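>>> Sequence unavailable; structure follows:
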């Protein structure tokens, strides 16, 4: 089972805790021997999901939206990014150089294409910018990839 992830970054501590629990629960429902997690490993849900997949014993595949993607992520996340990238069994790239919204969406489209199901840490609201979580969910739905939304009750961004 190939499971992709998309989700909001910059969540508060309480929402983060609850989302992490939801991701661990979702990942634990899959047979570790058959689980392939697909992630862009950005800070937030992408990385939390990837960590849960690896801890569960599944394989991790990483999609890199652009050559400059890592450097565009918060510096505090670089060590986690590097560790997760090092644990990837396969890495997919868009071939784009600059880490732009267009590159992020291109990476998400590859991710959706590789996934049997997409987990979306999504509050159900429109994207704040092109390539946001809502855009990825809409793309998955148009592509026929099932989407499972994970969002804590009464949580806000």
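Received the coordinates, thanks. These numbers come from a predicted model, not from an experiment.
>>> all contacts plus neighbour counts: C-alpha atoms, from now on.
Fine.
>>> Identify each buried residue in the longest helix along the chain, please.
Scanning the chain for the helix with the most residues, using DSSP state H, yields helix 13-28. Neighbour counts over helix 13-28 (16 or more other C-alpha atoms under 10 Å) mark 15-16, 19-20, 22-24, 26-28 as buried.
>>> Strands of this protein, start to end?
Counting by DSSP state E, the chain has strands at residues 2-7, 36-39, 59-64, 90-93, 117-121, 147-149.
>>> Identify all contacting residues around the second one.
Residues lying outside strand 36-39 but in contact with it, judged by C-alpha atoms under 8 Å, 6 or more residues apart in numbering, are 1-6, 46-47, 49-50, 53, 58-63, 111, 114-115.
>>> again, only this time at 7 Å
Residues outside strand 36-39 that contact it (C-alpha atoms under 7 Å, 6 or more residues apart in numbering): 1-5, 46, 50, 53, 58-63, 111.
>>> Paired strands for that strand, with orientation please.
strand 2-7 (parallel), strand 59-64 (parallel) (DSSP bridges).
>>> Could you dump those into a markdown table and include mean pLDDT?
Listed next are these as a markdown table, based on pLDDT from 0 to 100:
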| stretch | mean pLDDT |
| --- | --- |
| strand 2-7 | 98 |
| strand 59-64 | 98 |
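>>> And those: which comes nearest residue 138?
Proximity to residue 138 (C-alpha to C-alpha) singles out strand 2-7 among the strands paired with strand 36-39, at 11.6 Å.
>>> could you check the angle helix 13-28 makes with the closest one?
170 degrees (axes from the mean of the first three to the mean of the last three C-alpha atoms, to 10 degrees).
>>> Which parts of the protein are helices?
With DSSP H as the criterion, the chain has helices at 13-28, 45-56, 69-72, 78-87, 101-114, 133-143.
>>> Quick check: which ranges of this protein have low pLDDT?
Judged by pLDDT under 70, the chain has no weakly predicted residues.
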